[in-house]
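Asker: My questions are about this predicted structure, shown below with the sequence.
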Amino acid sequence: MDVGIKRMPVWHKTRAYILENFGFLLMCTVLLIGLLIGASAVRAASHSEDGQLNGIASSFIVNRGGMNFTSVMLKSFASAIMFLIAFFVLGNCNFGFIVIPFLLAFRGVGLGTSLGYIYSLHGAKGLAYCAILIIPPALLSSLALVLAAKSSMSFSVQQMKKLRRRSTQNTGVKYRFEEYGKGCLLCLLMLLVSSLLDAGLNAAFARFFVFA
């Protein structure tokens, strides 16, 4: 009896946390599923595909190693901001909440595929490359995109609810849009920091990784 009573508050706290952060946890799960799909696709690839992707992965590493700080930063920022722009636009659409999870999962698939192939082709050295040069900025950019996707989902659902009510009242709409815009700007700043981190790590450590 006493043990059961002591465990109850922990369960209630856990349940309350999940309910309070359901949107964030859902988007994290979607991204993780995409990442696992991408990593699993590496194992399912045929030998001919392995050869092609080996060349792509090796070319990716060599090209990044030869790029300067600014080039890496701009390339990293450009690849991530496209998702942020898409989330922002979809958040303003009535049916955008349907597309947002798939777009976030697609981002996860791309990241999972990249990490999976570099590791499968280069083993421990590839794992070290991913751990030092790819994963740190990827974690920050992924967090930014998860937050953006969560905010866009919420805002899109609000648009749908308003459409279903067919309400002509705009009370609070401007305020909610301003909050939505501020959230997206914060995510934009996080992506910028992620790009700077990506470029900094590449400049500092890429020269230590030479793949035959």
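Answerer: Looks like it arrived, so ask away. Numbers count the residues shown, from 1 in each chain.
Asker: Quick check: the gap between the residue nearest the centre of the chain and Arg15.
Answerer: By Cα atoms, centre = their mean, the mean C-alpha position of the chain lies nearest to Ser142, the distance being 2.8 Å. Using Cβ to Cβ, to the nearest Å, one gets 26 Å for the distance from Ser142 to Arg15. Glycine gets a C-beta too; all of them are placed from N, C-alpha and C.
Asker: quick revisit: where does the residue nearest to the centre of the chain land in three-state SS?
Answerer: The three-state assignment at Ser142 reads helix, by DSSP: H, G, I helix; E, B strand; the rest coil.
Asker: now Val210
Answerer: Classified using three-state DSSP, Val210 is coil.
Asker: From what I see, the residue nearest to the centre of the chain and Leu111 are in contact.
Answerer: Yes - with contact defined as Cβ atoms under 8 Å, Ser142 reaches Leu111; the gap is 7.2 Å.
Asker: Figure out how far stretch 135-155 is from the centre of its chain.
Answerer: Distance of stretch 135-155 from its chain centroid, counting by Cα atoms, centre = their mean, to the nearest Å, is 5 Å.
Asker: circling back to that earlier point, and the residue nearest to the centre of the chain, how far from Arg207?
Answerer: 26 Å.
Asker: swap in Cys28?
Answerer: 34 Å.
Asker: Could you check which of those two has the larger neighbour count?
Answerer: Counted by other Cβ atoms under 10 Å, Cys28 and Arg207 do not tie: Cys28 has more neighbours, with 18 against 10.
Asker: Do me a favour and average the pLDDT over the helix or strand harbouring the more buried one.
Answerer: According to DSSP states H and E, Cys28 maps onto helix 22-44. The average pLDDT within helix 22-44 is 91.
Asker: same for that helix, what does it pack against?
Answerer: On a contact count with 3 or more Cβ pairs under 8 Å, 6 or more residues apart in numbering; DSSP states H and E, helix 22-44 meets helix 96-129, helix 135-165.
Asker: Looking at those helices, spot the one closest to Asn68.
Answerer: Comparison of the helices and strands packed on helix 22-44 against Asn68 by Cβ to Cβ identifies helix 135-165 as nearest, at 16.6 Å.
Asker: in the closest one, what counts as buried?
Answerer: Neighbour-count burial for helix 135-165, with 16 or more other Cβ atoms under 10 Å as criterion, is recorded at 135-138, 140-153, 155-156, 158-160.
Asker: Same check on stretch 29-45?
Answerer: Buried positions in stretch 29-45, judged by neighbour count with 16+ other Cβ under 10 Å: Val30, Leu31, Ile33, Gly34, Leu35, Gly38, Ala39, Ala41, Val42, Ala45.
Asker: Who are the contact partners of Leu115?
Answerer: Applying Cβ atoms under 8 Å, 6 or more residues apart in numbering, we find Leu115 in contact with Leu35, Gly38, Ala39, Cys130, Ile134, Ile135.
Asker: How confident was the prediction at it?
Answerer: Predicted confidence (pLDDT) for Leu115: 90.
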